[in-house]
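S.K.: please work out how this folds:
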Amino acid sequence: MRLEMGLMNSFFQKVNIGNDARRMLKTFLEGSQEKFPSEDFVPLVKKIKGHKRALLIELNDESGDFFTYREIHKLNPLIGQIFGELLVQNDLGEKVISVYDRDRLGSMWQGARYHQTREGGSIHTDNVNVPEPWDFLYLSCISPALVGGENILVDGLRIHQELKSSFPKALKVLEAPFIWEMRGVADELYQAPIISYNEYSEPLFRHLRPYMESAHLKAKQALTNEQLYAVDVLDALTNSSEFQIRYRMKKGDVLITKDAQVLHGRTCFSDAIEAVSLDDYEKGKGQVLKRTMERLWIKNQ
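M.R.: As a prediction, this is how the structure comes out:
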């Protein structure tokens, strides 16, 4: 597979899979080839399991229409399982989740999950709903928003360095347990630090502030001034432009990150007033798609 590189950064890289790989995928989807061409993605697997912590993979060519919405939907779990085991993400047992705005008034602060709203901000990791660790976040763009919805990436290793050098008191608090809720997965609470460490002494983040604050309220255990200070420092750093990469994903783009080391978020967005969900779109109930992403959680095998 020919890879065209761009937007290179110490932790982030954009990869164009090339037309040969696109044609092979198309042949498989059309039923002319029995075996999924997984070997074409081996170089990308090696990159994300190696020194790169975030990859932006361009499935579509410059026209943006090489693959249809439905073909991208079919490709997502097939590509995802090359990187590892697909995990259940909700109490319905679903492993592929549609990310779109269900209700313009929906809000995390009122109990909605982040992927069900149009809200921006809240730079976070996805690994907050379950206590068990996993490895990769897979986010695929089916359709971009009418306006906004820029994806934001933050290198957790740089954030940790800044905390260690400039805010050691905040770092110490972030290394102690906080309370979390398993929102959308189970009606349970658990405890875990915002920052822990792997066997190589690299920092691992667990962070989505509205979920954590809601859990503390449910547990009737108020956050201390020290905890609030530490989380305020973390949020201020992750929202600083000097630590961010922003990229507006287009149809057919796939973002794969090491979730515990690359925090992410988005700017707020608006769909067209007549936009509908993918399900309604396919039923002929509308001509314009909402901003729609598909999300997979992946455990390294």
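S.K.: all helices of the protein, in order?
M.R.: 19-29, 42-49, 69-83, 156-166, 168-174, 209-218, 225-238, 278-282 (DSSP state H).
S.K.: all strands for the stretch 51-200 of the chain, in order.
M.R.: Applying DSSP state E, counting those that start in this stretch to the stretch 51-200 of the chain gives strands spanning 54-58, 85-86, 97-99, 121-124, 136-143, 147-148, 151-155, 177-181, 189-193, 195-197.
S.K.: the stretch 201-301 of the chain too?
M.R.: 203-205, 244-247, 253-258, 262-266, 269-270, 292-299.
S.K.: who are the contact partners of residue 115?
M.R.: 97, 98, 99, 100, 293, 295 (CB atoms under 8 Å, 6 or more residues apart in numbering). In short, each C-beta sits where N, CA and C put it, glycine included.
S.K.: is it true that residue 108 touches residue 119?
M.R.: Yes: here residue 108 lies in contact with residue 119, judged by CB atoms under 8 Å, at a distance of 6.3 Å.
S.K.: and the two? Which one has more around it.
M.R.: Neighbour totals were compared for residue 108 and residue 119, and residue 108 leads with 22 against 19 (other CB atoms under 10 Å).
S.K.: pLDDT score assigned to the closest residue in space to that one that isn't next to it in sequence?
M.R.: Distances taken as CB to CB, 6 or more residues apart in numbering put residue 210 closest to residue 108, at 4.1 Å, once the chain neighbours are dropped. Looking at residue 210, its pLDDT is 89.
S.K.: cool, residue 80 as well?
M.R.: pLDDT recorded at residue 80 is 97.
S.K.: that one: how many residues sit nearby?
M.R.: 23.
S.K.: please apply the same query to residue 87.
M.R.: Residues near residue 87, counting by other CB under 10 Å, number 15.
S.K.: would you check that it makes contact with residue 295?
M.R.: No: Residue 87 is not in contact with residue 295 according to CB under 8 Å; the separation is 10.8 Å.
S.K.: what about residue 199, how many residues nearby?
M.R.: Residue 199 has 5 neighbouring residues, counting by other CB under 10 Å.
S.K.: just to revisit the earlier point, now the helices of the chain in a markdown table, with distance to residue 114?
M.R.: Converted to a markdown table, the helices of the chain look like this (distance: least, CB to CB, whole Å):
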| stretch | distance to residue 114 |
| --- | --- |
| helix 19-29 | 30 |
| helix 42-49 | 23 |
| helix 69-83 | 19 |
| helix 156-166 | 18 |
| helix 168-174 | 20 |
| helix 209-218 | 8 |
| helix 225-238 | 15 |
| helix 278-282 | 18 |
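S.K.: weakest of those in terms of mean pLDDT?
M.R.: Mean pLDDT, when computed for each of these, is lowest for helix 278-282, at a mean of 88.
S.K.: so which of the contacts of residue 115 is the closest to residue 247?
M.R.: Within the set of the contacts of residue 115, residue 293 lies nearest residue 247; the separation is 13.2 Å, counting by CB to CB.
S.K.: is it true that that closest one touches residue 145?
M.R.: No: contact criterion CB under 8 Å: residue 293 and residue 145 do not qualify, at 10.1 Å.
S.K.: shared neighbours of those two, which are they?
M.R.: Listed contacts common to residue 293 and residue 145 are nil; contacts here mean CB under 8 Å, 6+ apart.
S.K.: residue furthest from the geometric center of this protein?
M.R.: What lies farthest from the middle of the chain is residue 32; by CA atoms, centre = their mean that is 32.5 Å.
S.K.: so who does it touch?
M.R.: With contact set as CB under 8 Å, 6+ apart, residue 32 has no partners.
S.K.: per-residue confidence at it?
M.R.: Residue 32 carries a pLDDT value of 86.
S.K.: so it versus residue 66, what's the distance?
M.R.: 16 Å (CB to CB, to the nearest Å).
S.K.: now residue 187
M.R.: From residue 187 across to residue 66, the span is 43 Å (CB to CB).
S.K.: more neighbours: which of these two?
M.R.: residue 66 (19 against 10).
S.K.: for the more buried one, which non-adjacent residue is spatially closest?
M.R.: Distances taken as CB to CB, 6+ apart put residue 60 closest to residue 66, at 4.7 Å, once the chain neighbours are dropped.
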